[in-house]
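Colleague: 3D model of this:
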Amino acid sequence: VVASYANTATGMVTNFVAIPIYLRYLGRAEYGLWMTISGVILYLGLLNFGITQATENHFGAAVVRQNADEQNRVLSTGFWWYLTIVGGAILVLVPVEPLLPLRLLINGADDLEQKTPLVFLVAAASYLIELPFRIFPGCLRNIGKIDLQQWLGAVQAILKVAVAFVWLAMGGS
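Modeller: Predicted coordinates:
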């Protein structure tokens, strides 16, 4: 329970800290573009195809059977299948991106028109690359290590804000 509340509180605090940082370094228009594209990118989560849930369930069953070889096999198979799907999605997104109506996302903000394709590709690739790693917290939750999963979530939220701040402070966009 403590870990769950800590994870939730960390998420809230990191948002309160991150939003002013993003606004300061990106400005309202670029931050708005990032938020809009991030919302669209979430649909890429449909590429899960149930791999996360299947891996979690089979991993939990292997843990119950105390079969370490099966645990390793299930976890690595789920991860690599997911990574293969993500790699394929990235390979499809790059040539398809020019055909997407991304201009509709910026709604007249002509100064953002040239940045939009790159922001879209970076956001999509970042989101997709993160997807296979969602298997691990789910497996922790499935085997009763919810406290560890929650603490890792809190650490991940802090690291994301720290990396973003360092990137922006060094002149990244």
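Colleague: what about Leu33, how many residues close to it?
Modeller: By other CB atoms under 10 Å, the residues close to Leu33 number 23. In this view, the C-beta of every residue, glycine as well, is placed from N, C-alpha and C.
Colleague: list the contacts for it?
Modeller: Each residue near Leu33 by CB atoms under 8 Å, 6 or more residues apart in numbering is listed here: 105-106, 109, 112, 115-116, 119.
Colleague: what about it, distance to Ala169?
Modeller: As for Leu33, its distance to Ala169 is 20 Å (criterion: CB to CB, to the nearest Å).
Colleague: list of residues touching stretch 158-170?
Modeller: Taking CB under 8 Å, 6+ apart as the rule, stretch 158-170 contacts 10, 14, 17-18, 21-22, 25-26.
Colleague: mind listing the strands in the chain by residue range?
Modeller: Counting by DSSP state E, one finds no strands in the chain.
Colleague: show me which helix runs longest in it.
Modeller: In the chain, taking DSSP state H as the definition, the longest helix is helix 2-41.
Colleague: chain center to that one, what's the gap?
Modeller: 13 Å (CA atoms, centre = their mean, to the nearest Å).
Colleague: in it, what's buried?
Modeller: For helix 2-41, a neighbour-count test (16 or more other CB atoms under 10 Å) marks 3, 7, 10, 14, 18, 22, 25-26, 30-34, 36-37, 41 as buried.
Colleague: for stretch 94-108, same thing?
Modeller: 102, 105-106.
Colleague: for stretch 124-139, same thing?
Modeller: Buried residues in stretch 124-139 (16+ other CB under 10 Å): 124-125, 127-128, 131-132, 134-139.
Colleague: nearest to Thr77, of those residues?
Modeller: Relative to Thr77, the closest of the buried residues of stretch 124-139 is Ile135; by CB to CB it sits at 10.2 Å.
Colleague: before we move on, back to that, what is the nearest of the buried residues of stretch 94-108 to Gln149?
Modeller: For the buried residues of stretch 94-108, the nearest to Gln149 is Leu105 (33.7 Å; CB to CB).
Colleague: the closest one and Thr116 touch, don't they?
Modeller: Yes. At 6.6 Å, Leu105 counts as touching Thr116 under the criterion of CB atoms under 8 Å.
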